[in-house]
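**Student:** Pasting the sequence and the predicted model now:
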Amino acid sequence: MTRRRSAGFTMVEIMIVATIIGITVALAIPNFQRWVSDQRVKAAARSVADAFTLARAEAIRTGRIHIVFLSEERPGVPLVDSNGITKPIAILDDGREGTANQNCRIDAGEGVLYVNPEFGVQWGATFAGTNRAPLDPVPDGTAIGDGISILDGAGAETTWVAFQPSGVPVGATAGCNLGDTGSGSAAVYVSNGTRDYGVVMTPLGGVHVHGFDQTANDWRN
């Protein structure tokens, strides 16, 4: 009579399967980590674009000046919420132009929305260097640096932009002098060390997100 083989797996078979699973996981983890990191930097770029879009829409809806701050409320003063946590972006309802507290500063009682940071994402670009995104207000060939290209209306670089009730963005000086129509274009760059994104806002408030193609050494929509 033929002896039937016992049901189940041998120890050798189990060890082989475990080894294959281990190798597969070891190969998959770095790819998954890169994917998560790329999703975070993409989300950070989208947060910048959404901040501009929301501020513009709210300025039109309410008839009040809205300001988007990036990194700082003013030079040397970081954006900090009511819990003392530093944030990368704030959207401020600064009130009607010419009123007492319409001063391009976050005052007590004013409506402000803070945007949370994305882990592993920094301002600036890793690969783009001096290759600026289309319609960046700073000339191509100039180092991207801290990643925030906004002019204050007088030609000096700053880290915020104001939206008028018409929805048109304008530059604003540290003294809250608002620039003329056409002075509010901006370009903002974020990077996770392996991918760069550039968010560009036109002088009339249109927003475009570009990714940097390292192979072509150029920006893509």
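**Tutor:** Right, received. Where do you want to start? Numbers count the residues shown, from 1 in each chain.

**Student:** all helices in the protein, in order from the N-terminus.
**Tutor:** Counting by DSSP state H, the chain has these helices, from start to end: 11-62.

**Student:** which residues of it score low on pLDDT?
**Tutor:** Where the chain drops to pLDDT under 70, the residues are 1-8, 28-29.

**Student:** Show me where the chain has its strands.
**Tutor:** All strands of the chain, identified by DSSP state E, fall at 65-70, 72-74, 77-78, 89-95, 112-115, 122-123, 148-151, 157-158, 160-163, 169-170, 186-191, 196-201, 207-213, 218-220.

**Student:** Switch the ones you listed over to JSON lines; also include mean neighbour count.
**Tutor:** (C-beta placed from N, C-alpha, C; glycine too.) Below are the strands of the chain laid out as JSON lines (neighbours: other CB atoms under 10 Å):
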{"stretch": "strand 65-70", "mean neighbour count": "26"}
{"stretch": "strand 72-74", "mean neighbour count": "16"}
{"stretch": "strand 77-78", "mean neighbour count": "12"}
{"stretch": "strand 89-95", "mean neighbour count": "21"}
{"stretch": "strand 112-115", "mean neighbour count": "19"}
{"stretch": "strand 122-123", "mean neighbour count": "18"}
{"stretch": "strand 148-151", "mean neighbour count": "22"}
{"stretch": "strand 157-158", "mean neighbour count": "18"}
{"stretch": "strand 160-163", "mean neighbour count": "27"}
{"stretch": "strand 169-170", "mean neighbour count": "27"}
{"stretch": "strand 186-191", "mean neighbour count": "26"}
{"stretch": "strand 196-201", "mean neighbour count": "26"}
{"stretch": "strand 207-213", "mean neighbour count": "18"}
{"stretch": "strand 218-220", "mean neighbour count": "14"}
